[in-house]
Structures are given as structure tokens and as C-alpha cells.
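Q: Predicted model and sequence below, questions to follow.
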Amino acid sequence: MTFVQANGIRLHVQELNPAGVLAPRTAVLLHGLAADTMASWYFTLAYPLVEQGFRVVLQDLRGHGRSEHPASGYALADFVDDLDALLDTESEPVLLFGNSFGGTVAFGYAARHPERVAGIVAVESSPPTQDWFDGMQRRLRVRQPALAATTRLRDELPTSVLPEPASLAAIRCPVLCLYGGRSPVHGLAKAGLGLLSRVRTEVYPGQRHSLLVDKPDEVRATVTDWLRTEFPTGD
């Protein structure tokens with residue numbers, strides 16, 4: 001178990017390294033909001049990525065898992081600031097993997113630092129557009145996660161200052177987006193996806209928002225195929 005101090009709070013981070021690979025590319029895995037933790041990636045895609053030669057970094061978002069749970073600081077910019085601080089010492093562009101809200105954080109980081117991101121894999125997620133955040137606000141009102149009872153998440157997240165559309169359009173790296181056919185997320189994401197120039201979208205019929213956990217083998221196969229196409233030499 002590893003803890004790092006970043007952006008003024010303590011974050012729980014795990015790092016997995018491939019054996020015998022010199023200077024591996026780094027993949028950073030970000031989980032979803034409220035009940036999720038890094039475990040959703042750890043038990044699905046983390047080790048398969050290591051087996052493909054990637055150095056894998058997993059982070060519990062602020063307020064989640066074993067990371068610090070501050071009472072406030074839950075706007076999108078706060079999550080992006082955490083990731084920014086965590087990756088400050090990375091010398092090469094990284095691959096960002098995000099499940100649900102983790103993907104939104106990944107897009108937010110890429111909008112701020114497009115030159116630091118080599119590629120994005122987003123599962124059941126969207127770039128941070130107003131349509132997406134309006135949908136997120138409705139879900140927070142209905143579901144009322146435990147995190148919302150002990151923090152200002154429900155007040156701060158929906159009122160986040162979002163990246164300008166031009167900043168999202170400046171994300172030029174390859175992007176892979178995966179959606180469940182029975183989830184409403186794909187529809188909410190369409191405005192954001194329309195801003196991206198290099199995006200591949202895959203929809204899994206019959207699947208819901210829990211796509212990553214329910215169909216890890218299918219997700220892994222799609223991701224592996226995409227990685228081999230976009231990064232054939234590991235560059």
C-alpha cells in the first residue's frame with residue numbers, strides 16, 4: 001500500500017511494473033464516482049496491461065477508497081489538480097484509462113495538458129460537457145451516494161467550471177470509448193465525442209453502466225486490439 005502527498009491531500013496509489021521491459025509506457029487508471037475504487041481496474045484490466053508491457057498506476061480518487069476524504073474540494077478541477085500533481089514528475093506522455101467519472105477526469109486533464117497524454121481509453125464516460133454534467137447532477141439527486149452525505153460533492157461537482165469546447169477539441173491523441181447498449185451514457189456523451197478528432201467508439205449490446213466489471217474479457221479484447229493498432233511498437 002502506497003500513499004503520496006499530492007495537491008495538499010494524501011492519495012492512495014498503487015504501481016505495477018512489467019518484468020524485463022526497459023522504459024515502459026505508463027498507463028494511469030482512474031475509477032468512477034461514489035461507490036467505486038481502484039479495485040474495479042485492479043481486478044479487470046490492470047494485470048493484463050502489465051502483461052502487455054505497460055507500467056500501470058492506479059489511484060483512488062479523493063474521497064474514495066483509502067485516499068483522504070476531505071469535506072470539500074469536489075469540483076472537476078480538484079480531481080484534475082490531483083492528477084496533475086500526481087503526474088508532475090512523468091517525463092513522457094501517459095495513457096489515461098477512465099471508468100465513468102474517471103474518464104471525465106482523464107478528458108479534463110487532457111484538455112489542460114494535451115501534450116502530456118498519449119491516448120485515452122474511456123469506459124462508460126464522456127468529455128466534460130454541460131450535457132454530461134446535467135446528467136450527472138440528476139444521477140446524484142436520485143442515488144444520493146454516501147459520499148454526498150459526508151462531503152460537499154453534491155453541491156460542488158455539478159457547478160464545476162468546465163473546459164471550453166475549443167480545449168476539448170484540442171485533444172488530438174487517439175481515444176477509445178466503450179459503452180453499454182442499455183446504458184444512457186452513450187447518448188449523454190455524443191456532444192463531447194463530436195469534439196474529438198481521433199475517437200473510436202464501441203457499443204456492447206445489452207450491457208449497462210457496469211460494463212467494465214460485467215464484461216472484462218470483452219473490454220480487454222477491444223482495448224488490446226486498439227493498443228496494438230494505435231501503438232504498434234509501444235511508442
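A: On my side now, so go ahead. Keep in mind that what you see is a predicted model, and the values were worked out from it rather than measured.
Q: which ones are touching the spatially most central residue of the chain?
A: Residue closest to the average C-alpha location in the chain (Cα atoms, centre = their mean): Gly98, at 2.0 Å. By Cβ atoms under 8 Å, 6 or more residues apart in numbering, the contact set of Gly98 is 29-30, 104-107, 120-123, 125. Placement of C-beta: from N, CA and C, glycine included.
Q: in what helix or strand does it lie?
A: Following DSSP states H and E, one finds Gly98 within strand 94-99.
Q: Give me the sheet partners of that strand and which way each runs.
A: If you go by DSSP bridges, strand 94-99 pairs up with strand 26-30 (parallel), strand 117-123 (parallel).
Q: ok, residues contacting the last one?
A: Same thing as strand 117-123. Outside strand 117-123, the residues within contact range by Cβ under 8 Å, 6+ apart are 25, 92-100, 103, 106-107, 109-110, 171, 173-178, 211-212, 219, 223, 226, 230-231.
Q: Got a quick ChimeraX command for the buried subset of the residues you listed?
A: The ChimeraX command for the buried members of the contacts of strand 117-123 (criterion: 16 or more other Cβ atoms under 10 Å) is given here:
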select :25,93,94,95,96,97,98,99,100,103,106,107,109,110,171,173,174,175,176,177,178,211,212,219,223,226,230,231
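Q: Please narrow the contacts of strand 117-123 to those residing in strands.
A: Those of the contacts of strand 117-123 mapping onto strands are 94-99, 175-178, per DSSP state E.
Q: Same list (those residues) but as CSV, adding pLDDT and distance to Pro145.
A: Formatted as CSV, the ones in strands among the contacts of strand 117-123 follow (pLDDT from 0 to 100; distance: Cβ to Cβ, whole Å):
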residue, pLDDT, distance to Pro145
Val94, 98, 28
Leu95, 98, 28
Leu96, 98, 24
Phe97, 98, 22
Gly98, 98, 18
Asn99, 98, 16
Val175, 98, 27
Leu176, 98, 27
Cys177, 98, 24
Leu178, 98, 23
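Q: of all those, which comes closest to Glu115?
A: Val94 (11.3 Å; Cβ to Cβ).
Q: The closest one reaches Asp88, doesn't it?
A: No. Applying Cβ atoms under 8 Å, one finds Val94 not in contact with Asp88, separated by 11.7 Å.
Q: Just the buried positions in stretch 107-118, please.
A: Residues 107-114, 116-118 are the ones in stretch 107-118 that count as buried (16+ other Cβ under 10 Å).
Q: any chance you could map the helices in this protein?
A: Under the criterion DSSP state H, the chain contains helices at 39-41, 47-51, 76-86, 101-112, 130-143, 146-150, 153-156, 165-169, 185-193, 211-214, 216-230.
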